[in-house]
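Peer 1: Sequence and predicted structure below; questions after.
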Amino acid sequence: MIEAHTFSDAEIIAQILDGQKVLYEIIVRKYNPYLYKIGRSYNFNHQDTEDLMQDTFIDAYKNLGQFQQRSQFKTWLIKIMLNNCFRRKNKTGFKNEIHIGNEIKDKDKPMFTNHINNIENIVHNRELKYIIEDALSKISFDYRMVFTLREITGLSVAETSELLNISESNVKVRLKRARTILRNEIEKKYSADELFEFNLIYCDKIVKNVMNKILNSEE
């Protein structure tokens, strides 16, 4: 298996564009958990989220030469995922799947973001997974997406503002309201590392499907 943290994103992208397609596996493994969180926060089910993730990785690969590093690669990739989720939601007449204080500052530490972001260390807890998904599904979509991008995915206020095309002030307001609803209920009982787990078995499946398409594609 290729190590996910051996190279920077810029180094990986440069080598991929130079013909080293196999290195795209690093990108897929590194960002699988982030895209999964986005899809689930859109209330797509697991299978639809996997499909959207694969589409997003393929789209990103096809347009990799257009990434100009004016923003983080993670932000650029998440924007593609958000666009795909939006199109899927409106194209299919999708219906939501529902499972059984202080001023917000840009430097505030995200509430549920795993500082290490090491997917191998995640505790698999199905009961918690459904509790959190159910709680998030009850929040209005605008608040839910701000909460997911800022608190779970760990993007800054500025990055969240750019992705959702709203002001930074609106990001802060929506995040404050979302925190009010969720924080007391969830944070007092559960750890950040258990939120929206993406099992390595699923990760391997996404990697295999994406890499097969990329490695077998014509130049």
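Peer 2: Received, thanks.
Peer 1: Mind pulling up the pLDDT for His5?
Peer 2: We have a pLDDT of 57 for His5.
Peer 1: Renumber starting at 53 from here on
Peer 2: Okay, residue one is now 53; in that scheme the one you just asked about reads as His57.
Peer 1: Name the residues that touch the helix or strand hosting Ile68?
Peer 2: According to DSSP states H and E, Ile68 maps onto helix 61-69. For helix 61-69, contacts defined as C-beta atoms under 8 Å, 6 or more residues apart in numbering pick out 59, 75-76, 78-79, 113, 116-117, 119, 121, 124-126. All C-beta spots, glycine's among them, are computed from the backbone N, C-alpha and C.
Peer 1: Kindly recompute the last result at 10 Å.
Peer 2: Here helix 61-69 makes contact (C-beta atoms under 10 Å, 6 or more residues apart in numbering) with 54, 56, 58-60, 72-79, 82-83, 112-113, 116-117, 119, 121, 124-126, 128-129, 266.
Peer 1: From these, keep the buried residues only.
Peer 2: Buried by 16 or more other C-beta atoms under 10 Å: 56, 73, 75-79, 82-83, 112-113, 116, 119, 125-126, 128-129, 266, out of the contacts of helix 61-69.
Peer 1: Would you map the helices across the chain?
Peer 2: 61-69, 76-93, 98-114, 125-143, 178-189, 193-199, 209-216, 220-238, 252-267 (DSSP state H).
Peer 1: least reliable of the ones you listed going by mean pLDDT?
Peer 2: helix 178-189 - the lowest mean pLDDT of those, at a mean of 66.
Peer 1: related to what we said a few turns ago, which of the residues in the helix holding Ile68 are buried?
Peer 2: 61, 64-65, 67-68.
Peer 1: give the contact list for Arg229.
Peer 2: Arg229 touches 156, 191-192, 194-195, 198-199, counting by C-beta under 10 Å, 6+ apart.
Peer 1: of all those residues, which comes closest to Asn95?
Peer 2: Taking C-beta to C-beta as the measure, Asn95 lies nearest Ile191 of these, at 10.6 Å.
Peer 1: mind pulling up the phi and psi values for that closest one?
Peer 2: phi -90, psi 150 (degrees, to the nearest 10).
Peer 1: ok, it touching Glu185?
Peer 2: No - look at Ile191 against Glu185 with C-beta atoms under 10 Å: they stay out of range, at 11.2 Å.
Peer 1: Common neighbours of those two, please.
Peer 2: With C-beta under 10 Å, 6+ apart as the test, Ile191 and Glu185 both reach Ser93.
Peer 1: out of everything not next to it in sequence, what's closest to Leu267?
Peer 2: Nearest residue to Leu267 in three dimensions, chain neighbours excluded: Lys73, at 5.7 Å (C-beta to C-beta, 6 or more residues apart in numbering).
Peer 1: Test my guess that the one you found contacts Met263.
Peer 2: Yes - counting by C-beta under 10 Å, Lys73 touches Met263, with 8.1 Å between them.
Peer 1: I'm done for today, thanks for sticking with me.
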